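[1] any chance you could fold what I've pasted below:
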Amino acid sequence: MAEVGRAAVRDPGALLPGGFWAAVAVWLERPQVANKRLCGVRLEARRSVAEPRAEDCGQRPNAGREQEERAAAAPGLRPPDGALGPRPSSGPDLGTAGRGPEGARRRRGEERGDGGPGQPREPAVGDAGFPASDLESAWDACFRSQAGGGPEVLAFLAGPPVGPQPGAPRQLDLVLRSVIPKTGPRCPLAVPRREMVVRGRSDLTAPGVGDGREDRVLNVLNGTVTFLPLEEDDRGNLKVETSNVYQIRLSQSREEWFISILIFCPERWHSDGIVYPRPSWLGEELLARLARWSVDSKKSEFKSTLSLISIIKYSKTYQMLKEKYKDMVKVWPEVTDPEKFVYEDVALAAYLLVLWEEEREERGLTAKQSFVDLGCGNGLLVHILSTEGHPGRGIDVRRRKIWDMYGPQTCLEEDAITPNDKTLFPDVDWLIGNHSDELTPWIPVIAARSSYGCRFFVLPCCFFDFIGKYSRRQSRKTQYREYLDFITEVGLACGFHVEEDCLRIPSTKRVCLIGKSRTYSPAREVSMDKQRTRYINSRRGHLASPPGETPASLPPRAAVGHEGHPNGHQALDVGAAEGGAEAPADELWLSGFQPREKVEHLRNCATLPRDFIDQVVLQVAHLLLDREEQISIGDASSSSSKAWNRGEVASELDPETLQRLKRECGGLQTLLRNNHQVFEVLNGRVHIRDWREEQLQRQQHPEAKRRLFSEAFKTRICWFFSHHPDGCVLPSDSCPFAHGPAELRPPRTPKKKKQIL
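    Below you'll find the predicted structure:
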C-alpha cells in the first residue's frame, strides 16, 4: 500500500464531511469532469452488505452447495425481490445523475416512479444485454476467489482502526459501475471497464457522550471509498483485479481535515492512460479537484450530462457522425464559426438518434421516427437526421446559403411559423426546437395539439414568452434556470411528462427539455385542450401587448381531429411569411405574436459609410479633448481626458446624427464601443483610451492572448498618430498600430480554432 497524494483541506464553511461525500459522488458518477479521456459511466446497481471478515476469505467449509452455485452465477442474477435494497441511511445520497436509460426512467404508457433521493431504484440493464448483478453474491464470489490475497484487500478496505471495534461487522455500500472510455481514431475499440465501488460506513458510538459529536467524528474517520476493478473469467465469474485497486480517504487530525489517495499494489499498478491514469495524476490532478469540490458550497442547478440515454451508444454514434460529417467544416459558407455549429449539430443529432433508437426499443417499433425542425437555421441538423434515415423537414423564415449544398434528400422550407390551427403536424412524431427563440414556448403547445402521439424536443436559448421577451419574476434563480422552469411549466400544462437533460455540446445553453409521453388518456383530449387554452390566457398578465393594442380573446379551438388539415406537411400557415408581418388576430392562438422578420437587419456600424463613422469619432474625440484646457501627453498623471457621461456627449451631437446612429447601428454607445482604439466606455461614461495603461495590462496577459495581439500588430493605422494634437503616447516600436502607411502590414488570415469537443 502506498499513499500517492495527501491534501490538507481548509473548511471555513463547515461543509465537511458532507462536502467530501459530494466530491466523491462527482468522481463516482461523472468522472469525465476530471478525466477528459472518459465519456462517462453507467451505474448498474447498488446494495448495502455486511463487511466480510478475514476468515471468510477463500472457500467457506460450511457453505452449502446451493450457496456456492448462487455465488458462482452471481453476474447473471437479480435479487429475489427485484430491488437493490434500502439506500444508506447515513452519509450523502449518491444522487441520480448516473442512472442508465434502461432503469427506472423507462415508461410504457405512463411514467413509472424513479425513486427520488434516498429511495431505492430499480437495477439497470446493461448495454451488453445482461441484467444488473446481485451485488451481495458478487461480493461473496469476488472475495472467496481471492484465496490468500483476500485478507490484505479487506484490511485495505477497512482503513486504519478507530476506537473500539464492535462485534458485529460494519455495513458497506456497494455500487457497480461501468467506466466508458471515449472512442476515437486513437482508441476505436474502447471497451467499458467494470468496477465495484465500496464505501465504508461505521455505526460506532462513543460512550458517555450525549450530543452526538463524537459519533459524527467516528463515522468520518471510518469513511473510505475504494475502487475495485473487476474482470471476468471464461465462465463469467467476477474477481477483483488487485493491481489497480485504489482508495480515497478522509481523515481529521487536530481539527484539520485531510484527503488522501492510496494505491493497494503500487508496484503492480498498470496505467492504460484512459480508465487508469498514472499514479501521479491521481495524487495531483484528481486529489486537487476532490479537495476543491469538497468545500465548494455551490450546487449545480442542472442535471448530469446525458442522464436520459446510454452513454456508450451516444459515444459510438457521436464518433461515427463526427467522422462522417467533419468535412462540412472545410466548406462552411456561412459567416458563423463552422467548428462550433458543425460539431454542436453533430452532437445534437447523436443525442436524438440514440434517444429515438431507445424509444423504438421501448415501444417495439421498427419504422424510424419522423420529425419537423421549427426554426431550423442552417439546416445541418435536418440534413444529418434525414441522411441517417429519419423522414423529416426543416422550416425557417430565412433561407441560408448552405441549404443549396445539402442536396434534394434534405427538405428545407422558407416559411414563417405562426401558432394557429393551420400550423399543426398530425402525421409527425417529433417536433424539434433548437434555439428556436420566439417559437420555443409554443412548440409544446403545437405538439400537444398536432396529435396525441406527437412528442417534442426543445433546446432553449434566448428567453421568449408566448409574445415578446420573457420577464423575470424570481430573483433567487438565475434567468436561465427560471426560463427552463417556465418551458417545463408550459409542457406540463399541455399534458406532457417533461424530462430534462444536459447535452454535451460546445455551448453555455445546453439543457434540453423533452416531452415523450402524456399525463392523460386520449379520451381526455378535449378537456386537456381547454386547460391549455386557459393556461395560455393566464399568461396575458405577464405579457406586454403592442402599443395601442387591446388584447383580444382567444379564438375558439378547432375540433380535436383537426378536420380540414389531414396532412401535417400541408398544414403550415405562410400568411405571415413576407417581411414577418403579423398574422391576422383571428387566426392566432394568442393575438400579438410577431414572427421573426424575413430580412435580418444588421444593427452595427457595418452598414454606415466609413466617412460618416470617422466624422462622428472625430467629433466626439474633440469634445472630450476640449473638455480640459490642456492635455499633457507626456505627463502620466493626466493619462487621458476627463470622462464624459454618455448623455452629455449625445447632447452635443445634432439630432439627425443621433437618429441615424440609433436607426442603423443601435445608437451612439455601440459606435463608441466598436471604436475600441479611440474610446473606452465604462459604466455609461466615455473617455479617450490611454494606451500606456493598455500596454501594462497586456504584459500580464497569458502567452496565448499575447500571441493574438502580435498577429494583429501594425495591421491598422494609429488614430492618435493621425488625429491627436499631441500624436501617439507610445513610440512606434511599442504601439500596436501603424504610425503611417509605411508601417502597415497586411492582415493575417486567422488560424482555425482547435476542436473543443
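
[2] could you list the low-pLDDT ranges of the stretch 451-600 of the chain?
    For the stretch 451-600 of the chain, applying pLDDT under 70 flags the ranges 541-587, 598-600.

[3] where along it do the helices fall?
    Using DSSP state H, counting those that start in this stretch, the helices of the stretch 451-600 of the chain run over 479-493, 525-538.

[4] which one of those helices lies nearest to E597?
    Of all the helices of the stretch 451-600 of the chain, helix 479-493 sits nearest to E597, with 22.8 Å by CB to CB. Placement of C-beta: from N, CA and C, glycine included.

[5] what packs against that closest one?
    Judged by 3 or more CB pairs under 8 Å, 6 or more residues apart in numbering; DSSP states H and E, helix 479-493 is in contact with helix 442-450, strand 496-502, strand 511-518, helix 525-538.

[6] deepest of these, which one?
    Highest mean neighbour count among the helices and strands packed on helix 479-493 (mean count of other CB atoms under 10 Å): helix 442-450, with a mean of 26.

[7] which neighbouring elements make contact with that one?
    strand 430-434, strand 455-459, helix 479-493, strand 496-502, helix 525-538.

[8] out of the helices of the stretch 451-600 of the chain, nearest to R472?
    Ranked by CB to CB, the member of these that lies closest to R472 is helix 479-493, at 5.7 Å.

[9] could the helices and strands packed on helix 442-450 go into TSV alongside distance to D327?
    Converted to TSV, these look like this (distance: least, CB to CB, whole Å):
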stretch	distance to D327
strand 430-434	22
strand 455-459	25
helix 479-493	34
strand 496-502	29
helix 525-538	44
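
[10] quick one: closest of the ones you listed to L590.
    Among the helices and strands packed on helix 442-450, if distance is taken as CB to CB, the winner is helix 525-538, at 5.6 Å.

[11] give the buried residues for the following helix or strand past the closest one.
    Per DSSP states H and E, the first helix or strand lying C-terminal to helix 525-538 is helix 610-626. Using 16 or more other CB atoms under 10 Å as the test for burial, helix 610-626 gives 613, 616-617, 620-621, 623-625.

[12] now helix 610-626: mean pLDDT?
    The predicted model gives helix 610-626 an average pLDDT of 88.

[13] quick check: next helix or strand after the host helix or strand of V649?
    Using DSSP H and E, V649 sits in helix 646-651. Counting by DSSP H and E, the next helix or strand C-terminal to helix 646-651 is helix 655-665.

[14] avg pLDDT for the helix holding V649?
    76.

[15] next: stretch 290-297.
    Averaging pLDDT along stretch 290-297 gives 89.

[16] same thing with stretch 328-342?
    According to the model, stretch 328-342 has a mean pLDDT of 88.

[17] could you list the buried residues of it?
    Neighbour count says stretch 328-342 has 328-329, 332, 338-342 buried, by 16+ other CB under 10 Å.

[18] and the furthest pair within these?
    M328 and K340, at 12.1 Å, using CB to CB across those.

[19] picking up where we left off before, any chance of JSON lines for the buried residues of stretch 328-342, columns distance to L381?
    Putting those into JSON lines (distance: CB to CB, whole Å) gives the following:
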{"residue": "M328", "distance to L381": "12"}
{"residue": "V329", "distance to L381": "15"}
{"residue": "W332", "distance to L381": "15"}
{"residue": "P338", "distance to L381": "15"}
{"residue": "E339", "distance to L381": "16"}
{"residue": "K340", "distance to L381": "14"}
{"residue": "F341", "distance to L381": "10"}
{"residue": "V342", "distance to L381": "11"}
